[in-house]
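Participant: Sequence first, then the predicted structure, then my questions.
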Amino acid sequence: MWGFTGQRRPDFAEAPGPGQESVWDYPRPPRVVSDARAVLVKHGDRVVAESRASIRVCETASPPTFYLPADDVHLDLLQPMGVRSFCEWKGAAMHWALKEDPSRTIVGWSYPEATDAFASIKGYMAFFPSKLQCFVAGERVRPQPGSFYGGWITSDVVGPFKGEPGTSHW
């Protein structure tokens with residue numbers, strides 16, 4: 001059913017301007033890209049993670065998901081949850097919540113045993129910008145629409161994005 005794989009941008013896709021990328025040019029399966037821009041993840045005034053060594057996972061129709069090395073994450077602020085999910089490309093994900101949050105809302109995830117194709121993100125952490133304040137090069141990230149997705153929308157990516165109303169057939 002999935003007809004878009006980054007080979008051809010559909011007619012309804014926004015055209016990227018100078019310095020922008022279209023999520024419709026990203027491949028399926030996803031591409032892994034190193035990113036040296038400053039990435040900051042906060043909860044209120046507390047820094048949860050800060051890195052200049054992130055990895056973006058870029059998949060057709062979705063804004064990139066940023067993964068940060070565990071060494072750049074304040075793991076003392078996080079608690080692993082018993083919840084797991086599965087990605088057809090990356091494998092089994094482990095989910096994380098803030099220790100101080102009594103509701104135990106999931107704020108991030110990692111792949112402790114990523115598949116061979118995604119070994120570069122093994123042990124890296126990703127965060128939901130809908131749950132935490134996330135920044136790339138000082139720009140506040142907007143969350144990808146939909147409660148399932150963890151893509152980071154910045155001014156350098158254009159959509160439309162998977163998760164917006166009317167996109168369930170993608």
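Facilitator: Good, I have the coordinates.
Participant: where does the chain dip in pLDDT?
Facilitator: Applying pLDDT under 70 to the chain flags residues 1-2, 169-170.
Participant: Try it again at 90.
Facilitator: Applying pLDDT under 90 to the chain flags residues 1-8, 82-84, 146-149, 164-170.
Participant: Tell me which residue is most central in it.
Facilitator: residue 65 (2.0 Å; CA atoms, centre = their mean).
Participant: And the contacts of the strand ranked longest in the chain?
Facilitator: As assigned by DSSP state E, the longest strand anywhere in the chain is strand 78-87. Strand 78-87 is contacted by residues 48, 92-99, 104, 106-109, 111 when judged by CB atoms under 8 Å, 6 or more residues apart in numbering. Quick note: C-beta positions are derived from backbone N, CA and C, even for glycine.
Participant: Report the contact partners of the closest residue to residue 51 other than its chain neighbours.
Facilitator: Nearest residue to residue 51, sequence neighbours excluded (CB to CB, 6 or more residues apart in numbering): residue 72, at 3.7 Å. Residues in contact with residue 72 (CB under 8 Å, 6+ apart) are 49-51, 53.
Participant: And residue 72, how close does it get to residue 100?
Facilitator: 20 Å (CB to CB, to the nearest Å).
Participant: quick one: contacts for the residue located most distally from the centre of the chain?
Facilitator: Note on the chain: the largest C-alpha distance from the chain mean falls to residue 11, namely 25.2 Å (CA atoms, centre = their mean). The contact partners of residue 11, taken as CB under 8 Å, 6+ apart, number zero.
Participant: which among the contacts of residue 72 end up buried?
Facilitator: Using 16 or more other CB atoms under 10 Å as the burial test, these include 49, 51 as buried.
Participant: what would the contacts of residue 72 look like in CSV with distance to residue 16 and secondary structure?
Facilitator: Output for those, formatted as CSV (distance: CB to CB, whole Å; DSSP: H, G, I helix; E, B strand; the rest coil):
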residue, distance to residue 16, secondary structure
49, 28, strand
50, 28, strand
51, 25, strand
53, 26, coil
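Participant: Take the contacts of residue 72 and lay them out in CSV including distance to residue 139.
Facilitator: Below are the contacts of residue 72 laid out as CSV (distance: CB to CB, whole Å):
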residue, distance to residue 139
49, 16
50, 15
51, 15
53, 18
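Participant: Leaving out sequence neighbours, find the closest residue to residue 146.
Facilitator: For residue 146, the spatially nearest residue (CB to CB, 6+ apart) is residue 163, at 3.0 Å.
Participant: what's the burial count for that neighbour?
Facilitator: A total of 20 residues lie near residue 163 under the criterion other CB atoms under 10 Å.
Participant: Hmm, residue 145 and it touching each other?
Facilitator: Yes. Using CB atoms under 8 Å, residue 163 is in contact with residue 145, at 3.8 Å.
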